[in-house]
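> structure of the sequence below:
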Amino acid sequence: MINKDFLKQQQQYLSMGLFTLLMLFCMSGMAQIGVSPQLLVVNLDEQPRGHSFRLLNMSERDVSVEVSLANWEMDSNNQPQIIAPTIDSLDQWLIVNPLRFEVPAGQSQTVRLAFRPNQQLTAGEYRAMLYFTQILGPEAQQVGMFRSQFRIGAAIYAQVGQARQELSASPMRVLPMAADAASGGTQLAVDIDNRGNRHERMHGQWSLWRGDAYPGAKNTQLDASLNRPDAQLPEGMLAAGTLANTPVLPGTARTVLTSLQWPDELPAEVVLDINGQLGNLTLEQSISNIRPSAGAAAQPR
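Prediction:
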């Protein structure tokens, strides 16, 4: 039986995100540690070998690292949580090498994966979280010295057998930000029911238009350039952003929220335009009569 205190500690780490590019502050200045790729999705029927992660040490200090695995799921609030392993959970049959290593300053280390199930697996998706945890040396205990211990979690999804998509999504709606949120604003909500056998996530974009300048649903499309911090918005577009890509795991129904950030002062007439994809579903919708303090009427297109 897995220790409950261990589960609680792992949950605290995981709640910081499935992938983190950490900024570590120490005596010599600012250091960066990163992992590539941010997550790994593997079809074991087609790609059984040759998978790896790379830890990048973009700092001025050597770092010692330990690697571990955990089983996880998403809770009802769309937050990842560590759960106890099962006989066929991915963390039980995924082999990682090496498990401990040192990465010199400015260099990287490759960690290789081998998928070796010890029994016949049913079709579906298997998940694990691969943790990279810094091992602090005795010098970190010196009086007056401050160092942050990093811990990075990278998600791994392994598909066995044929992937099956069975999705439904409600019309999107605009809601006030939760009362206990760190900042005000509005959010875009969509109810997603995933009855398939693999996780799904939205990919797409929203844009807010002045009502008299909105070109119409048929004349808007995805434009990745609008996501850059220095993007020049088209005439009449007030703001733009990406749809939340929170994973909805198989066999679960979740409300996925996208934070909407736009100017405090809005014209009397505005239109929120949505262009996106959720698995085999096309998410296209326009929403008018938006006000930060209330929901909005939606006109699916």
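
> count the residues that sit near residue 55.
Per other Cβ atoms under 10 Å, the neighbour tally for residue 55 reads 21. (Glycine included, C-beta is placed from N, CA and C.)

> mind checking how far it is from residue 110?
8 Å (Cβ to Cβ, to the nearest Å).

> equivalent analysis for residue 51, please.
Distance, residue 51 to residue 110, by Cβ to Cβ: 11 Å.

> same question, residue 229
Residue 229 sits 31 Å away from residue 110, taking Cβ to Cβ as the criterion.

> when these two are compared, which one has more neighbours?
Ranked by neighbour count (other Cβ under 10 Å), residue 229 and residue 110 place residue 110 first, with 11 against 4.

> could you measure from the more buried one over to residue 35?
As judged by Cβ to Cβ, residue 110 and residue 35 stand 11 Å apart.

> domain parsing for this protein?
Domain assignment for the chain by automatic domain parsing gives 4-160, 167-300.

> residue 235: how many residues sit nearby?
Other residues lying near residue 235 total 8 when counted by other Cβ under 10 Å.

> show me the contacts for it.
Residue 235 makes contact with residue 213, according to Cβ atoms under 8 Å, 6 or more residues apart in numbering.

> which phi and psi does it have?
phi -60, psi 130 (degrees, to the nearest 10).

> and it, what pLDDT?
Listed pLDDT for residue 235 reads 94.

> cool, and residue 23?
The model reports residue 23 with a pLDDT of 34.

> poorly predicted segments of this protein, please.
Counting by pLDDT under 70, the chain shows low-confidence ranges at 1-31, 138-148, 177-185, 291-301.

> now the helices for it?
Using DSSP state H, the helices of the chain run over residues 4-14.

> from residue 40, how far off is the closest residue to residue 48 other than its chain neighbours?
In this structure, residue 48 finds its nearest non-sequential neighbour in residue 115, 6.2 Å apart by Cβ to Cβ, 6 or more residues apart in numbering. Counting by Cβ to Cβ, the separation of residue 115 from residue 40 is 11 Å.

> do residue 61 as well
From residue 61 across to residue 40, the span is 27 Å (Cβ to Cβ).

> and for residue 191?
Taking Cβ to Cβ as the measure, residue 191 falls 28 Å from residue 40.

> much appreciated, bye for now.
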